[in-house]
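*Asks:* Provided below for reference: sequence and predicted model.
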Amino acid sequence: MKKKYVLVGVGGRAEFFYGAVVRDFEDTSELVAFCDINQTRMDYANRLLEEKYKHKQIASYRSNAFDQMIREQKPDTVIVTSIDRTHHSFIIRALELGCDVITEKPMTVDADKCQEIIDTVNRTGKEVRVSFNYRYAPHNTKIRELIKNDVIGEVFSVNFEWALNTQHGADYFRRWHRDKRNSGGLLVHKSTHHFDLVNFWLGTTPEVVYATGGLRFYGRENAEKRGVTHFYQRAHGSEVAKDDPFAVHLEENEHLKAMYLDAEQEDGYQRDQSVFGDGISIEDTLGVLVTYKNKAILTYSLNAYLPWEGYMVSFNGSKGRIEVKICEQSYINSGGDKADEGSVEEKSIRVLPMFDEPYDVELDEGLGGHGGGDPLLLQDIFGTPIDDTFHRAATHVDGAMSILTGIAGNISLKTGQPVHVDELITWK
């Protein structure tokens, strides 16, 4: 019997899910409704269903009619791809109404909301799954395999640097993500991927977190310090923005225009704000030190204004070292082909045994977005579940343990003190 799905939040990440359901998984899945605050955006999603995917249009409900949608459509599962700060509301209500949930990362943005989700899962017995696609990328799975197979022995420390470039990295400062109340900042919204990977790779969870950082490049004050004198609030209709390499011109991209510019009269959301404007409350330069329950330590950095996109990570163990470099293709969310988002341009894993010659690890070629992780994740969610010795499917527990590293980091940024993760939530 087919599983019935509804999707909440038809913004930039939504098509990744609903496009896959109607295109690739019609035998196992049925998409029955959209839910969003913005009717224009839902109408556009329905137009894409019809014109791009040759699928009939489906029912649409405003966000305040969520309960009505569940009552009328009777879905098995709710897919949550709304703005981050609203994830917990839809997750909790879906569970209470008897549905399972698939949620985009991050599961939520702070410890109180995380606790509410945990309590509701415990109370209802329903399931929450977090879509951590990076786990499924062949090179990331290979790292897990190498560590699991004791290739470098016990891992004592990890050095992890993630680089966001001036296209993708800047995009977080144009959108709703720039307000930390909406996204939890990059330590939650973006780094949840990275902290989850460390948990996945090492098979452990965080114990103590210390963080430092701030807004160093983006924002008006920083631009003024560099001598910038011409500013604008948003790119659309601005003469100044025409010469700004950081500007996004929605009217020049048919998809972005239809999804955002044509829809903004309903909710006032502007997708093309200046990255050097006022009102940015998230950080662009971050350093984190984490001690894990297995006593491994992580030194992590995230910078959102660099000339390249990707990450370098090294693992130091009792038998040697693993060095990884992954260079990803740059992109703007929803500005092009979904398969280009996070696709890998260059990748290498090098093992340096303590007393033998170093060697390069042969890697499978991953096809599709996020290093080949996207198609595998979708197959595991909507198709026949993968027989997976690596346990890549992420539960609400995995979702919590990844965001709690970033949430603890945010607390540390405010207090200047290390934060004990176990003090943030309870599991009973």
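*Replies:* Nice, thanks for sending it over.
*Asks:* show me where pLDDT drops low in the stretch 101-250 of the chain?
*Replies:* By pLDDT under 70, the stretch 101-250 of the chain contains no weakly predicted segment.
*Asks:* Can you show me the strands along it?
*Replies:* Taking DSSP state E, counting those that start in this stretch to define them, one finds strands in the stretch 101-250 of the chain at 128-130, 155-165, 206-214.
*Asks:* Same list (the ones you listed) but as JSON lines, adding distance to Glu116 and mean neighbour count.
*Replies:* No exception for glycine: its C-beta is placed from N, CA and C like everyone else's. Putting the strands of the stretch 101-250 of the chain into JSON lines (distance: least, Cβ to Cβ, whole Å; neighbours: other Cβ atoms under 10 Å) gives the following:
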{"stretch": "strand 128-130", "distance to Glu116": "12", "mean neighbour count": "24"}
{"stretch": "strand 155-165", "distance to Glu116": "29", "mean neighbour count": "20"}
{"stretch": "strand 206-214", "distance to Glu116": "21", "mean neighbour count": "20"}
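*Asks:* closest to Val21 out of those strands?
*Replies:* Nearest to Val21, of all the strands of the stretch 101-250 of the chain, is strand 128-130, at 14.5 Å by Cβ to Cβ.
*Asks:* Make JSON lines from the strands of the stretch 101-250 of the chain and add distance to Val275 to it.
*Replies:* JSON lines is the format used below for these (distance: least, Cβ to Cβ, whole Å):
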{"stretch": "strand 128-130", "distance to Val275": "28"}
{"stretch": "strand 155-165", "distance to Val275": "12"}
{"stretch": "strand 206-214", "distance to Val275": "16"}
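*Asks:* Quick check: mean pLDDT of the top helix by length along the chain?
*Replies:* Assignment by DSSP state H gives helix 396-415 as the longest helix of the chain. In this model, helix 396-415 carries a mean pLDDT of 98.
*Asks:* relative to strand 206-214, how tilted is it?
*Replies:* When axes from the mean of the first three to the mean of the last three Cα atoms, to 10 degrees is applied, the directions of helix 396-415 and strand 206-214 differ by 50 degrees.
*Asks:* same for helix 396-415, what does it pack against?
*Replies:* helix 111-124, strand 128-130, helix 186-189, helix 191-202, strand 206-214, strand 285-292, strand 419-420 (3 or more Cβ pairs under 8 Å, 6 or more residues apart in numbering; DSSP states H and E).
*Asks:* Please identify the deepest-packed of these.
*Replies:* Most buried of the helices and strands packed on helix 396-415 by mean neighbour count (mean count of other Cβ atoms under 10 Å) is helix 186-189; its value is a mean of 26.
*Asks:* Which residue, neighbours along the chain excluded, lies closest to Thr426?
*Replies:* Excluding its sequence neighbours, the residue lying closest to Thr426 (Cβ to Cβ, 6 or more residues apart in numbering) is Gln115, at 7.3 Å.
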